[in-house]
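Asker: Model the following, please.
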Amino acid sequence: MDAYIWNSRHLVCYFTFIIPLLLLLTLLVKSLSSNGANHLLQDVFETDWNVLLKVETWVQAFAQSLYGTGLCFGAYITLGSFNKRNNNVFGDGLLIIVIHTALSALGFVTLSAMLGIFKSKFSIPSSVVLTDDAIGDSASKFFPRFGISFATCCIGFVASLGYASQAGFYASQLMMKFIDLLCPWTLLAFELFAVAWLYCAHLLARDTSRLISNKPSKFLLFPFFELLYILPAVPVFIIVIKMWNYNFRDILKDNQASPWMELVGWSVSTVILLPIIIGMLYCTVKTCIHGPGFTVWEKFKYTILSPMRYEVPKIVSVPRYSSTAPGYVLLPHAPLAEPEQFNDIYSDRQQTRVSKI
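Answerer: Okay, here's the model as predicted:
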């Protein structure tokens, strides 16, 4: 029974992907066939295209791409570790981009059609419908707040008690805004810097090219890896723009916000980033004390070099029989028998041993 469950674990993906996709398609057909579905779609595509010239628009676009793809959170690395060695990662990358674009467009059309129905039914202007949490604030007045809050507290138990109080809205906004302000972009900057400069993007491209047998894919893939050298500047630039436009009053949109709330927000975002700083300091101090090298400078230089390229076992093609072996083999019990010499390769120890039969 355990073996059957373990071998059929991949079947869960069919349920977790196909069922939500079918529900989304059903909701799309239902929303498009209702009255007023095209009202908001017309307003969206008749927008001011000059907004694309603003930096804030592209910052929000990068943020949506970051959260939509789950980049820098280890999702792609975890899924990619299950691939076969001869898997075409370049083709998978293009396939992920196409599928993600199609699903994003599908979700956008479905949501716009649903909001268009709300707009036509309740006579709400488009500027109000497109505002953050406009529909949620209006719809919450039609439901018993105490019942919803009580159910949420029971499900979430202690973790959700604070968010169900009067300060819950401010607490959730405080956490989300401050975490989005600094944390994901810092994680992305560190990850891109470690891959591009510590391990070296050129070596990563060379390692990946060994896994791809298709020559056109190799030709198209190599320039993308070279761009990794300048990609760490993108999240750093976004952090600078966010800090330049930072205003605590705009985060909570409340003139009665206390100064201690800003301190709590910065403390939360700092605590999330502390493991990275502590890990870097620990590895640096440990390598400077016990690392290879004679001087402190030699040990410190080893801290910024990735040991992955040296830890990968390299298979050396060594002939089994040595040059001193005779051209014929005698039986061991023969009186004139001579021992035959050959080489055994132990890949775990990376050494050669001369053995005798």
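
Asker: Pull the number of nearby residues for Ile179.
Answerer: Ile179 has 14 neighbouring residues, counting by other Cβ atoms under 10 Å. In short, each C-beta sits where N, CA and C put it, glycine included.

Asker: Touching, it and Ser269? I think so.
Answerer: Yes - using Cβ atoms under 8 Å, Ile179 and Ser269 qualify as a contacting pair, with a distance of 5.8 Å.

Asker: Can you show me the helices along the stretch 201-350 of the chain?
Answerer: Remark: helices assigned in the stretch 201-350 of the chain by DSSP state H, counting those that start in this stretch are 201-211, 215-226, 233-244, 248-252, 259-290, 296-303, 308-311.

Asker: okay, and the helix or strand of this protein with the least pLDDT?
Answerer: Ranking every helix and strand in the chain by mean pLDDT, DSSP states H and E puts strand 351-356 at the bottom, with a mean of 40.

Asker: can you put the helices of the stretch 201-350 of the chain in CSV and add distance to Thr110, mean pLDDT and mean neighbour count?
Answerer: As requested, the helices of the stretch 201-350 of the chain are arranged in CSV below (distance: least, Cβ to Cβ, whole Å; pLDDT from 0 to 100; neighbours: other Cβ atoms under 10 Å):
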stretch, distance to Thr110, mean pLDDT, mean neighbour count
helix 201-211, 36, 76, 15
helix 215-226, 32, 73, 14
helix 233-244, 29, 86, 15
helix 248-252, 30, 70, 14
helix 259-290, 33, 83, 13
helix 296-303, 50, 78, 13
helix 308-311, 43, 54, 10
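
Asker: Those into TSV, with extra columns for distance to Ser31?
Answerer: TSV is the format used below for the helices of the stretch 201-350 of the chain (distance: least, Cβ to Cβ, whole Å):
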stretch	distance to Ser31
helix 201-211	42
helix 215-226	38
helix 233-244	34
helix 248-252	33
helix 259-290	37
helix 296-303	55
helix 308-311	49
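
Asker: of these, which approaches Val59 most closely?
Answerer: Relative to Val59, the nearest member of the helices of the stretch 201-350 of the chain by Cβ to Cβ is helix 233-244, separated by 5.5 Å.
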